[in-house]
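Enquirer: test case, fold it:
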Amino acid sequence: MLANNLVELDRAHLIHPVASWRGHEAAGARILTSGKGAWLKDAEGRDLLDGFAGLWCVNAGYGQQSIVDAATKQLTELPYATGYFGISSEAPVRLASRLAQAAPGDLDHVFFTLGGSDAVDSTVRFTRYYWHARGKTTKEHFISLDQGYHGASTVGAGLTALPVFHAGFGVPFSWQHKIGSYDTYRNPAGSDPEAIIAASKAQLMAKVEELGGPEHVAAFYCEPIQGSGGVLVPPPGWLKAIRALCRELDILFILDEVITGFGRTGPMLLCAEEDVVPDMVTTAKGLTSGYVPMGAVFMSDRIYQTIADGAGMGTVGHGLTYSAHPVSAAVGLAALDLYEGGLFENGRKMGARLQAGLRGLSDHPLVGDVRGRGMLAAVELVTDKEKKTPLPASAKPAVRVFDRAWNEGLILRAFAWGVLGYAPPLCCTEDEIDLIVERTRKVLDLTLEDPDVRAALR
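Expert: Sure thing, here's the model as predicted:
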């Protein structure tokens, strides 16, 4: 009765993110009640293996008592402290210091936000301030990648290049532009890494020239792996080559590691293993393992000093009420302790097992591509492997595949174009990784029996 009441209250009052409002009213909500490790339980008593860590974010797993204790202690001692007026508190100071020390290169400064979207928005404001401080006020255009995701805020949604975030919202703005993705599975340049890198560099240079030259371009944004675009992995060397080109063109290179950071792909920041030091990096999600809201912008010393010198003794007018929130920072510190205490290492081991296990599904008639890095992976479904024909829209993969997985006790991401996304907690055991793969194969078999899919195979 309680669950039914919650479903009705949800229908009546709770607006869900990125949802069909009428569709949700008709279907109703799935109510989760508890979680432990990599497992969730719903209101019907079903045990669910969370192969997506909430929304790519519960990297440490559910029910980590040390995180709960850290939050409780901070709530008891000091539940809030503003960062305005030169005020600070211990937890955010210590977290900023630890993050800066662990980051590559001169990413020595940290600005805390509430999540990834406002971290992206903050980088836009910092970028504009930076160029104004340098007297280059004509550098006003921003470039990002097709199939990229940089949040759903008004500014970030314009940098995002997924149509659902644009339709009806009046974005992107005239100063936001796109070039082609580095997708290695469906790239017009083919699958050769050097050809893809060359094509991306040529497209970026062409776009810069189209906008009037480097003196009119402020920044280039990308993810080291495109998450919401379908877990698209660039060829080796792509990130380093584009970063070098941006430096040559005097364009800021801003990396969105909201999904890829904090052990999801191995290290704290993926760029560290690519020998790339961006001008700024956005993070969130795994920063607090999703237990409380928090994001962060890592800023290079060069950018910081230029902005500081430009302002002099004046005020840099950007801030958030909950920036450097002490409870979120305490949770972030506790999460870092877990990561550095063994979860990073376990995530690497289980990531290798996940990648190998999913590659073992390549023999299935519907599997066209398996890709990923560490505990971030995708399986792309097709009806013709040679032609790479996507599942028919009538098969409704985003709904049917998700439902089938749920009924089999597995939570995954089902993209509308027939891609299955995975991002399990770093605490997973070998048996749990194997179970993710086993249940995925069952979902694939059930999908193969879908009349719309069978018809497309003929």
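Enquirer: what does stretch 21-36 rub up against?
Expert: The contact list for stretch 21-36 (C-beta atoms under 8 Å, 6 or more residues apart in numbering) reads 3, 6-7, 10-11, 14-16, 40-43, 50, 58, 61-63, 406. Backbone N, C-alpha and C define where each C-beta goes, glycine included.
Enquirer: for the one helix or strand Val124 maps to, packing partners?
Expert: Element membership for Val124 (DSSP states H and E) is helix 116-133. With contacts defined as 3 or more C-beta pairs under 8 Å, 6 or more residues apart in numbering; DSSP states H and E, the packing partners of helix 116-133 are strand 109-113, helix 154-159, strand 217-222, strand 252-256, strand 280-283, strand 295-299, helix 301-311.
Enquirer: what angle separates that helix from strand 217-222?
Expert: Relative orientation of helix 116-133 versus strand 217-222 (axes from the mean of the first three to the mean of the last three C-alpha atoms, to 10 degrees): 150 degrees.
Enquirer: return the set of buried residues in helix 116-133.
Expert: Buried residues in helix 116-133, counting neighbours by 16 or more other C-beta atoms under 10 Å, are found at 116-124, 126-131, 133.
Enquirer: one more: stretch 413-430?
Expert: 413-415, 418-428.
Enquirer: okay, how far is it across that stretch, tip to tip?
Expert: 21 Å (C-alpha to C-alpha, to the nearest Å).
Enquirer: rewinding a little: out of the buried residues of stretch 413-430, which are inside strands?
Expert: Among the buried residues of stretch 413-430, DSSP state E puts 413-414, 419-422 in strands.
Enquirer: if we can go back for a sec, and of the buried residues of stretch 413-430, the nearest to Phe253?
Expert: Ala423 (24.9 Å; C-beta to C-beta).
Enquirer: measure the closest residue to the closest one other than its chain neighbours to Glu273 for me?
Expert: Spatial nearest neighbour of Ala423, excluding adjacent residues (C-beta to C-beta, 6 or more residues apart in numbering): Trp56 at 4.4 Å. Applying C-beta to C-beta, to the nearest Å, the value for Trp56 to Glu273 is 19 Å.
Enquirer: on that earlier part again, can you redo the buried residues of stretch 413-430 as TSV with distance to Arg302 and pLDDT?
Expert: Putting these into TSV (distance: C-beta to C-beta, whole Å; pLDDT from 0 to 100) gives the following:
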residue	distance to Arg302	pLDDT
Arg413	37	97
Ala414	42	97
Phe415	38	96
Gly418	43	95
Val419	38	98
Leu420	41	98
Gly421	35	98
Tyr422	37	98
Ala423	33	98
Pro424	37	98
Pro425	36	98
Leu426	32	98
Cys427	37	98
Cys428	39	98
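Enquirer: check which helix or strand Ser34 maps to.
Expert: Going by DSSP H and E, Ser34 is part of strand 32-36.
Enquirer: pull out the buried positions in that strand.
Expert: Of the residues in strand 32-36, 32, 35 count as buried by neighbour count, 16+ other C-beta under 10 Å.
Enquirer: the helix or strand encompassing Thr72 - what's its average pLDDT?
Expert: Thr72 belongs to helix 65-77 when elements are defined using DSSP H and E. On average, the pLDDT along helix 65-77 is 98.
Enquirer: give me the contact list for that helix.
Expert: Outside helix 65-77, the residues that touch it by C-beta under 8 Å, 6+ apart are 60, 91, 289, 291-292, 326-327, 329-331, 333-335, 337-338.
Enquirer: switch the helices and strands packed on helix 116-133 over to a markdown table; also include distance to Gly28 and mean pLDDT.
Expert: What follows is those, written out as a markdown table (distance: least, C-beta to C-beta, whole Å; pLDDT from 0 to 100):
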| stretch | distance to Gly28 | mean pLDDT |
| --- | --- | --- |
| strand 109-113 | 33 | 98 |
| helix 154-159 | 27 | 98 |
| strand 217-222 | 37 | 98 |
| strand 252-256 | 33 | 99 |
| strand 280-283 | 34 | 99 |
| strand 295-299 | 31 | 98 |
| helix 301-311 | 47 | 98 |
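Enquirer: can I get stretch 135-143 as CSV, trimmed to CA atoms?
Expert: This file holds the C-alpha atoms of stretch 135-143, laid out as CSV (Å, rounded to 0.1, in the frame of the first residue of the first chain):
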residue,chain,number,x,y,z
GLY,A,135,42.3,42.0,-23.4
LYS,A,136,41.1,39.6,-26.1
THR,A,137,37.4,40.4,-25.9
THR,A,138,36.6,39.1,-29.4
LYS,A,139,37.3,35.5,-28.3
GLU,A,140,33.6,34.7,-27.7
HIS,A,141,32.8,31.5,-29.6
PHE,A,142,32.8,28.0,-28.0
ILE,A,143,33.2,24.7,-29.8
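Enquirer: quick one: contacts of it?
Expert: Counting by C-beta under 8 Å, 6+ apart, 124, 127-128, 131, 159, 175-179, 204, 207-208, 211, 214-221, 251 sit against stretch 135-143.
Enquirer: do the same with stretch 159-179
Expert: Contacts of stretch 159-179 (C-beta under 8 Å, 6+ apart): 18, 120, 124, 140-152, 154-155, 157-158, 200, 203-204, 207, 211, 221, 228-229.
Enquirer: that stretch: how far from the chain's middle?
Expert: 18 Å (C-alpha atoms, centre = their mean, to the nearest Å).
Enquirer: got the CA positions of it in CSV?
Expert: The C-alpha trace of stretch 159-179 is given here as CSV (Å, rounded to 0.1, in the frame of the first residue of the first chain):
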residue,chain,number,x,y,z
LEU,A,159,27.4,22.8,-25.6
THR,A,160,25.7,19.4,-25.4
ALA,A,161,25.0,18.0,-28.8
LEU,A,162,22.1,15.6,-28.2
PRO,A,163,18.8,16.8,-29.9
VAL,A,164,16.5,16.0,-26.9
PHE,A,165,18.3,18.7,-24.9
HIS,A,166,17.8,21.3,-27.6
ALA,A,167,14.2,20.7,-28.8
GLY,A,168,11.9,23.4,-27.4
PHE,A,169,14.5,25.2,-25.4
GLY,A,170,16.0,27.7,-27.9
VAL,A,171,19.6,26.3,-27.7
PRO,A,172,22.3,26.1,-28.8
PHE,A,173,23.1,29.8,-28.8
SER,A,174,24.8,31.5,-31.8
TRP,A,175,28.2,31.4,-30.0
GLN,A,176,28.0,27.6,-29.5
HIS,A,177,29.3,25.4,-32.3
LYS,A,178,30.0,21.7,-33.0
ILE,A,179,32.4,19.5,-35.0
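Enquirer: in it, what's buried?
Expert: 159-162, 165, 171-172, 176-179.
Enquirer: could you do stretch 79-99 as well?
Expert: 81-83, 89, 91-92, 95-96, 98-99.
Enquirer: same check, this time on stretch 347-360
Expert: 347-348, 350-351, 353-355, 357-359.
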